[in-house]
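Enquirer: Okay, sequence plus prediction incoming.
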Amino acid sequence: MLIAADLASMAALSMAGFALGQLISWRLAAPSLAVLVYAILGSTAFYGDGFFSQLSPTVSHYGLWDRPVWWYGPVFFVWMAGIACTILLLAGRRRALALAPLAAAAGAAVLLVNSGDDVWRLNPETSALVCANGKPKVCVTELHSEQLLGVEAAIEQTYAKLEGIPDLPEQWSENPTYKFGDVIAPEKRVLNLGFGEASVNPTMGREVTEPGRYLQEIAQELAYGNCQGGKWTYPPQSSAVVEWLAGSPDTSVTYYGARPKGIDLTVAWLEGASESERNAWLNQYFDAVEKCDAKQVPPS
């Protein structure tokens, strides 16, 4: 039904152009209207977050696991088709007949505006969890089920480097309802497979473009914990831990200038230290992360 609503949107715009052509004989009327409509619809697609955006056919909604309620498509169709019929009847000088589609469009518009983002609901078919049988427990949503083995392998590879480190997360899972800032239990970690270079694009055949990105995601989650978002000052040791665990430079930090020397020194130390020395250092580091206190990060 959403496709029908889109077709009705195109019809409404076409009728608007037709009516304008009936009223104005200026040759540039049509291209001028096209530019104006393009600007308006473009602004609602990328910056819309208010009254008009709820009525725009180009309004964007980002929700990997969301789908509209059943009535959204039909109501949006009535809204757009009502406008198209109203304009067409007015252009044909049948004003009395235009009242019916105008009233229908107005009613649909009121419903759309009052509903807001509530028209989007979690889709149980794509948000259901699929879990592996190993330890730690790894779960992804049905939408990203083809990434499960890759994620599990990355976690196993990372944990192999951290053998002997206590209190590592026992569960890694996607959480469709998670919002930034939500409190997560220390033994759990939220997987973020919908962003970055490891994301799945359903329109591209669900191909994973860079499987090595999993290692980065896992390493960053361990190295920064829940301290991102202004609670962490990003000492060089943090990027060094990410690089040592992932086997590639930390992609979450951008350096405006030379790369801090402390990163290379810490990576070299982690690679050359004995297991007992390295584990003692990492235990102290992860304790600082748990407290979100960068001042307690041990020197390398």
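Expert: Noted; the coordinates are in hand.
Enquirer: going forward, measure contacts and count neighbours with C-alpha atoms only.
Expert: Will do.
Enquirer: For stretch 177-194, list every residue counted as buried.
Expert: Counting neighbours by 16 or more other Cα atoms under 10 Å, one finds that the buried residues in stretch 177-194 are 189-194.
Enquirer: can you give me the mean pLDDT across it?
Expert: Averaging pLDDT along stretch 177-194 gives 79.
Enquirer: residues in contact with that stretch?
Expert: Stretch 177-194 is touched from outside by 64, 140, 144, 167-175, 199-200, 217, 221, with contacts defined as Cα atoms under 8 Å, 6 or more residues apart in numbering.
Enquirer: and what of stretch 107-114?
Expert: The set of residues that contact stretch 107-114 without belonging to it, under Cα under 8 Å, 6+ apart, is 51, 54-55, 72, 75-76, 78-79.
Enquirer: ok, the buried residues of stretch 177-194 vs Leu23, which is closest?
Expert: Nearest to Leu23 among the buried residues of stretch 177-194, counting by Cα to Cα, is Gly194 at 48.8 Å.
Enquirer: Disregarding residues adjacent in the polypeptide, which is nearest to Ser9?
Expert: Distances taken as Cα to Cα, 6 or more residues apart in numbering put Met80 closest to Ser9, at 5.2 Å, once the chain neighbours are dropped.
Enquirer: Check the offset of the strand or helix carrying that neighbour from the chain's centre.
Expert: Met80 belongs to helix 72-91 when assigned by DSSP states H and E. Computed by Cα atoms, centre = their mean, to the nearest Å, the separation of helix 72-91 from the middle of its chain amounts to 32 Å.
Enquirer: For this protein, give me the ranges with low pLDDT.
Expert: Segments of the chain classed as low confidence (criterion: pLDDT under 70) are 1-2, 45-51, 194-211, 228-232.
Enquirer: the strands in it, which residues?
Expert: When assigned using DSSP state E, the strands of the chain occupy the ranges 66-68, 120-122, 129-131, 137-141, 171-173, 188-190.
Enquirer: what sits up against stretch 293-300?
Expert: The set of residues that contact stretch 293-300 without belonging to it, under Cα under 8 Å, 6+ apart, is 232-235, 237, 265-266, 269, 281, 284-285, 288-289.
Enquirer: coming back round to it: tabulate the buried residues of stretch 177-194 in a markdown table, adding columns for distance to Lys179.
Expert: A markdown table is the format used below for the buried residues of stretch 177-194 (distance: Cα to Cα, whole Å):
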| residue | distance to Lys179 |
| --- | --- |
| Arg189 | 13 |
| Val190 | 10 |
| Leu191 | 12 |
| Asn192 | 11 |
| Leu193 | 14 |
| Gly194 | 13 |
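Enquirer: Nearest to Glu163 among those?
Expert: Comparing the buried residues of stretch 177-194 against Glu163 with Cα to Cα picks out Arg189 as the nearest, at 18.3 Å.
Enquirer: thinking again about what came up before, relative to Trp26, which of the strands of the chain is closest?
Expert: Ranking those by their distance to Trp26 (criterion: Cα to Cα) puts strand 66-68 first, at 41.4 Å.
Enquirer: Partner strands of the closest one and their direction?
Expert: Strands flanking strand 66-68 in the sheet, each with its direction: strand 120-122 (antiparallel) (DSSP bridges).
Enquirer: Enumerate the positions of the strand it pairs with that are buried.
Expert: Under the neighbour-count criterion of 16+ other Cα under 10 Å, strand 120-122 has 120, 122 buried.
Enquirer: Same check on stretch 24-41?
Expert: Within stretch 24-41, the residues scored as buried using 16+ other Cα under 10 Å are 30, 40-41.
Enquirer: can you list contacts of it?
Expert: Where contact means Cα under 8 Å, 6+ apart, the residues beyond stretch 24-41 that reach it are 17, 20-21, 56-59.
Enquirer: can you do 6 Å?
Expert: Contacting residues not belonging to stretch 24-41 are listed as Thr58 [Cα atoms under 6 Å, 6 or more residues apart in numbering].
Enquirer: Dump it to PDB, restricted to CA.
Expert: In PDB, the C-alpha atoms belonging to stretch 24-41 read as follows (Å, rounded to 0.1, in the frame of the first residue of the first chain):
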ATOM      1  CA  ILE A  24      -0.400  31.000 -15.300                       C
ATOM      2  CA  SER A  25       0.700  31.200 -18.900                       C
ATOM      3  CA  TRP A  26       4.300  31.900 -18.000                       C
ATOM      4  CA  ARG A  27       6.700  29.500 -19.600                       C
ATOM      5  CA  LEU A  28       8.900  29.100 -16.600                       C
ATOM      6  CA  ALA A  29       6.000  28.300 -14.300                       C
ATOM      7  CA  ALA A  30       6.500  24.500 -14.600                       C
ATOM      8  CA  PRO A  31      10.200  24.400 -14.000                       C
ATOM      9  CA  SER A  32       9.900  27.000 -11.200                       C
ATOM     10  CA  LEU A  33       7.300  24.900  -9.500                       C
ATOM     11  CA  ALA A  34       9.500  21.800  -9.900                       C
ATOM     12  CA  VAL A  35      12.500  23.500  -8.200                       C
ATOM     13  CA  LEU A  36      10.300  24.800  -5.400                       C
ATOM     14  CA  VAL A  37       8.800  21.300  -4.800                       C
ATOM     15  CA  TYR A  38      12.200  19.700  -5.000                       C
ATOM     16  CA  ALA A  39      13.500  22.100  -2.300                       C
ATOM     17  CA  ILE A  40      10.600  21.600   0.000                       C
ATOM     18  CA  LEU A  41      10.500  17.800  -0.300                       C
END
